[in-house]
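**Student:** requesting a structural model of the entry that follows:
(one chain, ligands or ions: 2)
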Amino acid sequence: MGLERTLIIVKPDAVQRGLIGEVLARLERRGLKLVALKMMQMSRELAEAHYAVHRGKPFFEDLVNFITSCPVVVGVVEGPNAIAVTRKTMGETDPAKSEAGSIRGDLGLTIGQNLIHGSDSPESAAYEIGLFFRQEEILSYERAIDRWVAG
Ligand code: DAT
Ligand code: MG
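**Tutor:** Ligands and ions are numbered 1, 2, ... in the order given. Predicted structure coming up:
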């Protein structure tokens with residue numbers, strides 16, 4: 001179980017609902033470490049690049065319109081097995097199918113408003129982190145709690 005980094009986006013619905021702190025807190029409480037964080041409004045160009053694998057699908061236009069509709073919070077999260085652990089903490093793509101206890105399962109109802117993005121593989125994590133952050137914006141630091149959450 002190697003140390004991984006993954007890209008997260010607190011989506012417009014979570015920002016509008018005042019759930020930025022709630023979503024980030026769940027990742028922090030899991031033990032994951034935020035190593036980059038910023039608020040931004042995504043351009044259409046950036047959104048289309050980020051969701052390039054979904055181009056041509058029926059929901060693509062709605063997805064790009066949604067993710068660019070208001071500012072989002074974008075971050076890089078680090079930890080052992082961070083990609084899968086973040087996905088598990090998020091829940092399933094469709095909140096209706098997500099377990100209670102997950103972000104989407106506790107806070108969401110429909111697939112179009114599912115609160116958070118997280119990369120789904122090491123390849124997409126590398127691609128997505130590179131889209132949003134320069135190397136020098138990603139910080140390496142020790143937390144005193146690290147040995148208690150990932151000993
Ligand atoms: P995830 O966000 O869980 O990685 P995904 O990469 O398959 O899911 O899709 C990206 C986003 O697109 C997803 O968060 C919500 C939207 N989406 C996916 N499938 C959809 C569908 N069938 N109808 C409407 N929106 C969908
Ligand atoms: Mg995805």
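**Student:** so residue 148 sits in a helix?
**Tutor:** Yes: Residue 148 forms part of a helix when assessed by DSSP: H, G, I helix; E, B strand; the rest coil.
**Student:** check which helix or strand residue 83 maps to.
**Tutor:** Assigned by DSSP states H and E, residue 83 belongs to helix 82-90.
**Student:** got the contact list for the spatially closest residue to residue 73 that is not a sequence neighbour?
**Tutor:** In space, and not counting its chain neighbours, residue 73 is closest to residue 10: 4.0 Å by C-beta to C-beta, 6 or more residues apart in numbering. No exception for glycine: its C-beta is placed from N, CA and C like everyone else's. For residue 10, the contacting residues are 19, 20, 23, 24, 72, 73, 74, 75, 115, 116, by C-beta atoms under 8 Å, 6 or more residues apart in numbering.
**Student:** I'd assumed residue 43 was in contact with the fifth one.
**Tutor:** No: under the criterion of C-beta atoms under 8 Å, residue 72 makes no contact with residue 43, lying 11.6 Å away.
**Student:** please enumerate the helices of this protein.
**Tutor:** 12-16, 20-30, 44-50, 60-67, 82-90, 103-107, 122-132, 146-149 (DSSP state H).
**Student:** tally of neighbours for residue 150?
**Tutor:** 14 (other C-beta atoms under 10 Å).
**Student:** what residues does the chain have near ligand 1?
**Tutor:** Proximity of the chain to ligand 1, by C-beta under 6 Å from any ligand atom, involves residues 54, 59, 63, 93, 111, 112, 114, 117, 120.
**Student:** can you do 8 Å?
**Tutor:** 11, 51, 53-54, 57-59, 62-63, 87, 90, 92-94, 111-112, 114, 116-118, 120 (C-beta under 8 Å from any ligand atom).
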